[in-house]
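S.K.: sequence and computational prediction follow.
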Amino acid sequence: MFVDRPRTRLATLWRYRTLLYNLVLRDLKARYKNSALGFLWSLLNPLAMMVIFTVISTFLFRDNNVPNYPIFLLAGLLPWNFFSVSIMGGANSIVANGYLINKVYFPREVLPIATVIANLVNFLLALLVLFAVIIFFGMPFSPWIWLLPVVILIQTIFTVGIVLFLSTLQVYYRDTLLILDVVILAWFFLTPVFYPASVFPQAFEIAGVTVNIQRLVYILNPMASLVNMYRDLLYWGYRTDLDFFLRTSVTAVVIFAFGYWFFARHSNDFSEEV
């Protein structure tokens, strides 16, 4: 059980860091295999999505109180893409690599973690696009930009925790990936990615009880909190509230711990199931 020997599992994972590195390289190479532009797609994809969402929002949903909308959009869209692609790829990482599990011993968590790290590399490349857009629009960089690596680390920890949990479910319930298609789509629209959180009412009456919907969105949706943290640093230009920052960090660590525990509890049976 993971709860009985967490240090042992983490130490084993560290000893297999070279395998982790090679799996990340494999994922990156496979993604751009036979592609004429290679890793440049990591830069062109967010640009294309930015143009599409900006055009659509201009005619349909755009809040006119959001200046420099492309920067506002990318500050939420890039973290979301990192999260959603990691979830969809990582959830199937154990099943897709069943042939390896049945032939070679290695800590099974290497597979989903490698998927997340490969997508993290793409995310970091895509951030170059955001920085270029910020410079293009003449916006100054926030003095709190040095906190960006910390926010990225928090999101990575959160994402790994969810991927470890979902990749375990996918081993036993192959419908997991199909359900995720719908869940991720719904989650996207419930997260203030292409619209500001201010569209949610601060006071809304439900069964005679007044509820602050804006606050509830951040409490129930960790990705909304993470997007808000990115926007604080990259768009609004100020430091995230310390209490808000700590609560989001604790949520990420708790989800990671639970996901790792759940994964480790069942990982010894993977070879029989895949």
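M.R.: Cool, got the structure. Residues are numbered from 1 along each chain as shown.
S.K.: for the stretch 51-200 of the chain, which spans come out with low pLDDT?
M.R.: 56-65 (pLDDT under 70).
S.K.: show me where it has its strands.
M.R.: In the stretch 51-200 of the chain, no strands are defined using DSSP state E, counting those that start in this stretch.
S.K.: T210: what secondary structure?
M.R.: When classified by DSSP: H, G, I helix; E, B strand; the rest coil, T210 comes out as strand.
S.K.: what pairs with it across the strands?
M.R.: On the basis of DSSP bridges, T210 is bridged to E205.
S.K.: count of neighbours near it?
M.R.: 9 (other CB atoms under 10 Å). C-beta here means a position set from N, CA and C on the backbone, and glycine is covered the same way.
S.K.: quick one: it and F204 touch, right?
M.R.: Yes - shown here, T210 and F204 form a contact pair, counting by CB atoms under 8 Å, at 7.1 Å.
S.K.: the longest helix in this structure is where?
M.R.: Determined from DSSP state H, the single longest helix within the chain is helix 110-136.
S.K.: give the buried residues for it.
M.R.: 110-123, 125-127, 129-130, 133-134 (16 or more other CB atoms under 10 Å).
S.K.: and that helix, what other elements does it pack with?
M.R.: Contacts defined by 3 or more CB pairs under 8 Å, 6 or more residues apart in numbering; DSSP states H and E place helix 110-136 against helix 17-31, helix 41-59, helix 69-90, helix 93-96, helix 148-172.
S.K.: mind running it again at 10 Å?
M.R.: helix 6-15, helix 17-31, helix 41-59, helix 69-90, helix 93-96, helix 98-101, helix 148-172, helix 242-266 (3 or more CB pairs under 10 Å, 6 or more residues apart in numbering; DSSP states H and E).
S.K.: save the ones you listed as JSON lines, and put in mean neighbour count too.
M.R.: What follows is the helices and strands packed on helix 110-136, written out as JSON lines (neighbours: other CB atoms under 10 Å):
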{"stretch": "helix 6-15", "mean neighbour count": "13"}
{"stretch": "helix 17-31", "mean neighbour count": "15"}
{"stretch": "helix 41-59", "mean neighbour count": "15"}
{"stretch": "helix 69-90", "mean neighbour count": "23"}
{"stretch": "helix 93-96", "mean neighbour count": "21"}
{"stretch": "helix 98-101", "mean neighbour count": "14"}
{"stretch": "helix 148-172", "mean neighbour count": "22"}
{"stretch": "helix 242-266", "mean neighbour count": "17"}
